[in-house]
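> Based on what follows, work out the 3D shape:
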Amino acid sequence: MIVVRIFFLALLWPSLASALTATLDGVEITTTVVAENLGNPVFLTSPRGDKRLFVVDQAGKILILSDNVAQETPFLDISELVSGGGEQGLLGLAFHPDYSENGRFFVNYTDADGITQIVEYRVSDDPNAALPDAATTILSIEQPFSNHNGGWIAFGPDGFLYIGMGDGGSGGDPQGNGQNLEALLGKMLRVDVDGAKPYAIPPTNPFSNGGGAPEIFLYGLRNPWRNAFDGDNLYIADVGQNRFEEIHVVSVADAGANLGWNLMEGLHCFRPRNGCDQSGLVLPIFEYPHSEGCSITGGYVYRGKAIPEIAGRYFFGDYCVGTLLSFRYADGAATDLVNLSEQLGTFASINSFGIDDDGELYLLLADGTVQKIVRAP
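Sure, this is the predicted structure:
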């Protein structure tokens, strides 16, 4: 009877039956494959109140997963506009908070010339198809090199659109964009896409009245690769240069914060022989050295209902070594760090994370797979 029951469970949950489990905060968790063969998925999200999953393929398509199956026709296909490969491509997607009423959504991609384009689109009368010709360019930002494009966009709790920009690429920020208040590169930008066309400047932006580019919200970033809001807190995973990967947590009230690059790499002076004045800098709450990985992939704070025991935990990974880690943020510090890969094993290169409308958490892997973190059966 026991053998028959195990066989029956394996038929019901083939991906779970062979998966390893991890104990986290007293509960057993694992991952299950929800979709495969999705090209190179770099982001996943859902509009508010919508049970569908929208997956961004770096090559220039937005795919819809319905009941864990990718629909044959993409929601949006702008492959002909996108420069693909390396760190370029279609990199970000954000649905307007009122998407169910206005059908507006925004994408972040590098065009054929490598220029970052923030573009607004609209859904058609068919909820599974966007209008590819109804495009309005919100912002264009020239990129001096092909790497460090950032790519993340999201609406914050204040209703403004946030845009994560890398420092423009190469290595070591040769143009000094991270600390240049007139450059949009190496920054977290914040704009109001409802206040004017193409956008208005939020009055609480630090340079809204001068002293720097008015779009800037934060500065001193190298290449923020996947960021996430948890209430008023913004988690920023910034990819390091040669030594350290780092995570910052800032509030939407922290406009004008200097996160340090290229004066600092993590908690350390980037070029100590030149000296570095750390006064006024907002340093990361967590870092790890390149002996443990080489390219951080930021994730989310879990707020789903399926595993309430782990609510409040931040999950992130490393692209190079495929590790999955988690900590809790408390009193300005990362606490209770757990390397889940010690139990779950490592993953194929972790491109990104995503959450659905229920707050459940997904991993997006470079092998074209989307996996979901679930309670072990």
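> C-alpha from now on. contacts and neighbour counts both.
Noted.
> Leaving out the residues flanking it, which one is nearest to His248?
Distance criterion CA to CA, 6 or more residues apart in numbering; nearest residue to His248, sequence neighbours excluded, is Pro284 at 4.4 Å.
> That neighbour sits in which helix or strand?
Under DSSP states H and E, no helix or strand contains Pro284.
> Can you show me the strands along the stretch 1-150 of the chain?
Remark: strands assigned in the stretch 1-150 of the chain by DSSP state E, counting those that start in this stretch are 22-24, 27-35, 41-45, 53-57, 61-66, 69-70, 76-77, 90-95, 104-110, 116-122, 136-141.
> The second one: partners in the sheet, and parallel or antiparallel?
The one in question is strand 27-35. strand 22-24 (antiparallel), strand 370-375 (antiparallel) (DSSP bridges).
> I'd like these written out as a markdown table, with mean pLDDT, mean neighbour count and distance to Gly322 added.
A markdown table is the format used below for the strands paired with strand 27-35 (pLDDT from 0 to 100; neighbours: other CA atoms under 10 Å; distance: least, CA to CA, whole Å):
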| stretch | mean pLDDT | mean neighbour count | distance to Gly322 |
| --- | --- | --- | --- |
| strand 22-24 | 97 | 16 | 16 |
| strand 370-375 | 97 | 19 | 13 |
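> Please identify which of the ones you listed is closest to Leu81.
Nearest to Leu81, of all these, is strand 370-375, at 25.1 Å by CA to CA.
> residues making contact with that closest one?
The set of residues external to strand 370-375 that reach it, using CA atoms under 8 Å, 6 or more residues apart in numbering, is 27-36, 41, 306-307, 360-365.
> and if you look at stretch 206-224?
Taking CA under 8 Å, 6+ apart as the rule, stretch 206-224 contacts 148-150, 152, 164-167, 173, 178-179, 181-184, 186-191, 201-202, 205, 236-240, 255-262.
> Make a PyMOL selection of whichever of these turn out to be buried.
For the buried members of these, the matching PyMOL selection, counting by 16 or more other CA atoms under 10 Å, is:
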select buried, resi 148+149+150+152+164+165+166+167+173+178+179+181+183+184+186+187+188+189+190+191+201+202+205+236+237+238+239+240+255+257+258+259+260+261+262
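> Next, work out how far apart the residue nearest to His248 and Ile78 are.
From Pro284 across to Ile78, the span is 36 Å (CA to CA, to the nearest Å).
> and if you look at Phe229?
27 Å.
> quick one: which of the two has more around it?
Ranked by neighbour count (other CA atoms under 10 Å), Phe229 and Ile78 place Phe229 first, with 20 against 16.
> host element of the more buried one?
strand 224-230.
> Okay, buried residues for that strand please.
Counting neighbours by 16+ other CA under 10 Å, strand 224-230 gives Pro224, Trp225, Arg226, Asn227, Ala228, Phe229, Asp230 as buried.
> my read: the second one touches Trp152, true?
If I follow you right, that is Trp225. Yes. The criterion here is CA atoms under 8 Å, and Trp225 meets it with Trp152 at 7.1 Å.
> Tell me how many other residues crowd Glu142.
For Glu142, the count of nearby residues is 15 (other CA under 10 Å).
> Model confidence for it, exactly?
On pLDDT, Glu142 comes in at 98.
> Return the per-residue confidence for the residue lying closest to it once chain neighbours are set aside.
Distances taken as CA to CA, 6+ apart put Ile115 closest to Glu142, at 4.7 Å, once the chain neighbours are dropped. What the model reports as pLDDT for Ile115 is 98.
> do Gly85 as well
For Gly85, pLDDT reads 85.
> State the number of residues packed around it.
The burial count for Gly85: 12, using other CA under 10 Å.
> Likewise for the one 10 residues further on?
Around Phe95 there are 23 other residues, counting by other CA under 10 Å.
> That one against Pro47, yeah?
Yes. Phe95 is within contact range of Pro47, at 5.7 Å (criterion: CA under 8 Å).
> packing partners for the helix or strand containing Met188?
Using DSSP H and E, Met188 maps to strand 187-191. In terms of contacts (3 or more CA pairs under 8 Å, 6 or more residues apart in numbering; DSSP states H and E), strand 187-191 is packed against strand 161-164, strand 216-219.
> For those strands, state which one has the densest average packing.
strand 216-219 (a mean of 26; mean count of other CA atoms under 10 Å).
> Off-centre distance for that strand?
17 Å (CA atoms, centre = their mean, to the nearest Å).
> Touching stretch 284-295 from outside, list them.
In contact with stretch 284-295 (CA under 8 Å, 6+ apart) are residues 239-240, 242-249, 259, 266-267, 318-321, 332-334.
> Taking those, please make a ChimeraX selection of just the buried ones.
Here is the ChimeraX command that selects the buried residues among the contacts of stretch 284-295 (16+ other CA under 10 Å):
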select :239,240,243,244,245,246,247,248,249,259,266,267,318,319,320,321,334
